[in-house]
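*Asks:* Take a look and give me a structure for this.
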Amino acid sequence: DEIGKNVQDLLAKKQLYADHNNGIGIDGKPFAKNMTKAEKKKQAQADKQKQQQQQQQQQNQTPNADNAAKKAAKKAEKAAKKAAYKAGAGGGGGGGGPPAAGGGGAPQKQQQQQQQQQGKKQPQLAQKKAAAPPNMRASGFQVKPLQLVINPNAPIEDRPVVALAMAVLTNTDNDLQLTSDHRIAQATLGGEAEADGAVPQIVGDLAMARYLVSRSRTNEFVDASATQQALQNAWVDYASSLKPLAKEQALKGIGMTLGHALFTKTYLVGESLTFADVALFGAMGWPAQPNDLNEVRTALSDKYTAALRWTNMMASHPAIQKATQLAMGVNGTTEVWGNSLEPLVSGMNLLEGAVAGNVVTRFPPEPSGYLHIGHAKAVLLNDYYARRYKGRLIVRFDDTNPSKEKEEYQQSIVEDLKLLGVNPDVVTYTSDYFRAIYGYAMGMIENGTAYMDDTPQEQMKQERADRVESKHRNQSPEEAKEKFLMMNSGKEEGAAWCLRAKIDMNSDNGTLRDPVLFRQNLEPHHRSGTTYKAYPTYDLACPIVDSLEGVTHALRTTEYNDRDEQYQWIQTTLGLRRVRIHAFSRVNFMYTVLSKRKLAWFVEQGLVEGWGDARFPTVRGVVRRGVNLDALKTFIYSQGASRRVVNMDWSKFWAENKKEIDKQAKRFMAIDASNNVPLKV
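*Replies:* A predicted model of the protein is given here:
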């Protein structure tokens, strides 16, 4: 009938899908063909009979299995030593390139002959199944450009750790969108969209690593000499050839090979870490975590000292540690190296790519007013993550606008941080980096990524809205440099000019339509006086200083979402170390003004006692009103670092405050001495 025909057609399509997906069905589980009861019973009997036969064979072979394995291992080790010695001698004793592909350098043909002879009477050494060709339909959903999909159930050696390490080394790991999907058979990376909009899927750890290196701007990897590239490729091929071998045999081969290659060297190719080192470390099983590293150390022991030294160095390298954290982070794992971290406070999220001991956060207030409850959330989140991951907190005063800033505000911020119980590890000032920022701006002019413009402010605003290019956009670097120097000299004719980034005037993101980076301002600065006549905008200064100060995670409110792309463009264009952005929603209270400009109006009009008025939402205002510090932290942490914007009611905040005060508040009962009623019991 029609229904039966449709059912059979559907089952055939399910079978076809599983055949093209490494035996995995549409439900993400191994595909099993539907059978009748009789067929199932017959299959169960056959499986049982087969199992009994295997057990009988195993019992017959057990007495000789141990001796056979030992003899085979000794023979393979001897062959590997011989091949490694030849490879070392051929490289001049210093280890030029890697040996031929195979176990420890022994030719594959010779190994196959040995194993065939041993296989007549003895079992072969346990070997891994050779990798199948890449499956370009590995996932059931479309992969976006630079989206890296990882199976959270796969062991670390089957995750794209080499690709992630190369992304870290080439400063492109922030471009990747890491996604966890248990349905995927092997990790998949989305390439850049083609002309027809299709996104190619890249599978295979080494293939993804090569792709990420090729698209990076890191000169030491892209512009390597032909000889160095050839040597790196040889080592990568050697690492790839070790995959089918048993781990014990592969480690012995690597140990002997590195004994010659690293006799007088630290790295496999050149004087720094390269793709070759990372690929070979991956071939060892990626022993970056304590248990895996101890296992490899035991296998290498004192017999292969060069390999042991190199392995310890690789395991402790920051790029290897960060790649391991990124690979394991898809499971929500934070304690990768056995570091004892405090459990996350209820409501808080993990920091992506955070490596314990290496996390640096920053709180960059502008000294143009007193801190309010919104600032309290930002500083407490930054402080929490820095302490939890055993890192550092930088408080940096963003003093780039002398027209609004005062020493009074700067001092008040320091006092308010003490009220909040925040003790920064270091206090810095953006004004200390003015000279460096000036140099980066000159570099952008010389590279043609910035230009000088004298378009009136209102007209510029309209042109950006209409996506109209400035008449000066295509000026020469020489002319732009001349105008930039005139602006910085403080001359009156330089006041009309400003420096603009040359990004994309047709972008749907308005912040990328050639934003202003530098403006003239003759107001004396509260720290540097009249030394400078022009100052960088926050959009230029923040990404530069974040990178220079070693910030690893920049926590920014969601109102900066559109500017995040601009932030990353500046760091990429200037060749700076990239900073990972972690967005969170700002705190909003109903019927409450949090704008510093509007709060300043109340103070200037004399409508309140000052910035510390108990009716004000400033830090000192709410503390004066009776806020408990622990209650404030609990309230902030309960919102977490999520992106969801919520308008809070003050009653919830004061209810949380009451809970904390009730824990220690003393309670008394009294009787009026004159107006009372005696009670006889």
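*Asks:* Tell me where the stretch 551-681 of the chain has strands.
*Replies:* 553-557, 580-584, 588-589, 647-648 (DSSP state E, counting those that start in this stretch).
*Asks:* Just the element for residue 268, please.
*Replies:* Per DSSP states H and E, residue 268 falls between elements, in no helix or strand.
*Asks:* How many residues are close by it?
*Replies:* 27 (other C-beta atoms under 10 Å). From N, CA and C alone the C-beta is placed, and that goes for glycine too.
*Asks:* gap between it and residue 227?
*Replies:* 13 Å (C-beta to C-beta, to the nearest Å).
*Asks:* what do you get for residue 574?
*Replies:* 30 Å.
*Asks:* Check residue 490 too.
*Replies:* Distance from residue 490 to residue 227, by C-beta to C-beta: 53 Å.
*Asks:* These two: which has the busier surroundings?
*Replies:* Neighbours of residue 490 and residue 227, each counted by other C-beta under 10 Å, are more numerous for residue 490; the result is 15 against 10.
*Asks:* ok, now which ones touch the more buried one?
*Replies:* 520, 522, 533-534 (C-beta atoms under 8 Å, 6 or more residues apart in numbering).
*Asks:* Recalculate using a threshold of 6 Å.
*Replies:* Listed by C-beta atoms under 6 Å, 6 or more residues apart in numbering, the contact set of residue 490 reads residue 533.
*Asks:* just residue 518 next, same as before
*Replies:* 441, 499, 534, 536.
*Asks:* Could you do residue 319 as well?
*Replies:* Contacts of residue 319 by C-beta under 6 Å, 6+ apart are 165, 168-169.
*Asks:* in this structure, what secondary structure element scores lowest on mean pLDDT?
*Replies:* helix 108-119 (a mean of 45; mean pLDDT, DSSP states H and E).
*Asks:* Let me know how buried residue 286 is, in neighbour terms.
*Replies:* 27.
*Asks:* Name the helix or strand for residue 518, please.
*Replies:* Residue 518 belongs to strand 516-520, assigned by DSSP H and E.
*Asks:* so where's this structure uncertain?
*Replies:* Where the chain drops to pLDDT under 70, the residues are 1, 17-37, 54-97, 99-141, 217-223, 333-340, 642.
*Asks:* Quick check: which of the strands of the stretch 551-681 of the chain is nearest to residue 7?
*Replies:* strand 580-584 (48.6 Å; C-beta to C-beta).
*Asks:* helices or strands next to that closest one in the packing?
*Replies:* Packing partners of strand 580-584 (3 or more C-beta pairs under 6 Å, 6 or more residues apart in numbering; DSSP states H and E): strand 553-557.
*Asks:* contacting residues around the strand it packs on?
*Replies:* 351, 361, 381-382, 546, 579-583, 586.
*Asks:* Tell me the most packed of the contacts of residue 319, by neighbour count.
*Replies:* residue 165 (33 neighbours).
*Asks:* Pretty sure it sits against residue 280.
*Replies:* No: the pair residue 165 / residue 280 is not scored as a contact, 11.8 Å apart, by C-beta atoms under 6 Å.
*Asks:* What does residue 190 show for phi and psi?
*Replies:* phi -80, psi 130 (degrees, to the nearest 10).
*Asks:* How many neighbouring residues does it have?
*Replies:* Look at residue 190: counted by other C-beta under 10 Å, it has 21 neighbours.
*Asks:* nearest residue to it other than its sequence neighbours?
*Replies:* Ranked by C-beta to C-beta, 6 or more residues apart in numbering and with sequence neighbours excluded, the top spatial neighbour of residue 190 is residue 143, at 3.7 Å.
*Asks:* Residue 189 is in contact with that neighbour, correct?
*Replies:* No: using C-beta under 6 Å, residue 143 makes no contact with residue 189, being 7.4 Å away.
*Asks:* now the contacts of residue 518 in JSON lines, with distance to residue 273 and neighbour count?
*Replies:* Formatted as JSON lines, the contacts of residue 518 follow (distance: C-beta to C-beta, whole Å; neighbours: other C-beta atoms under 10 Å):
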{"residue": "441", "distance to residue 273": "32", "neighbour count": "22"}
{"residue": "499", "distance to residue 273": "37", "neighbour count": "26"}
{"residue": "534", "distance to residue 273": "40", "neighbour count": "24"}
{"residue": "536", "distance to residue 273": "34", "neighbour count": "25"}
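*Asks:* Give me the subset of the residues you listed lying in helices.
*Replies:* Within the contacts of residue 518, residues falling in helices by DSSP state H are residue 441.
*Asks:* Which of the contacts of residue 518 fall in strands?
*Replies:* 499, 534, 536 (DSSP state E).
*Asks:* Where does residue 511 sit: helix, strand or coil?
*Replies:* For residue 511, the assignment made with DSSP: H, G, I helix; E, B strand; the rest coil gives helix.
*Asks:* Isn't it up against residue 560?
*Replies:* No: Residue 511 is not in contact with residue 560 according to C-beta under 6 Å; the separation is 9.3 Å.
*Asks:* Neighbour count: those two, which is higher?
*Replies:* Using other C-beta under 10 Å, the more surrounded residue of residue 511 and residue 560 is residue 511, with 19 against 16.
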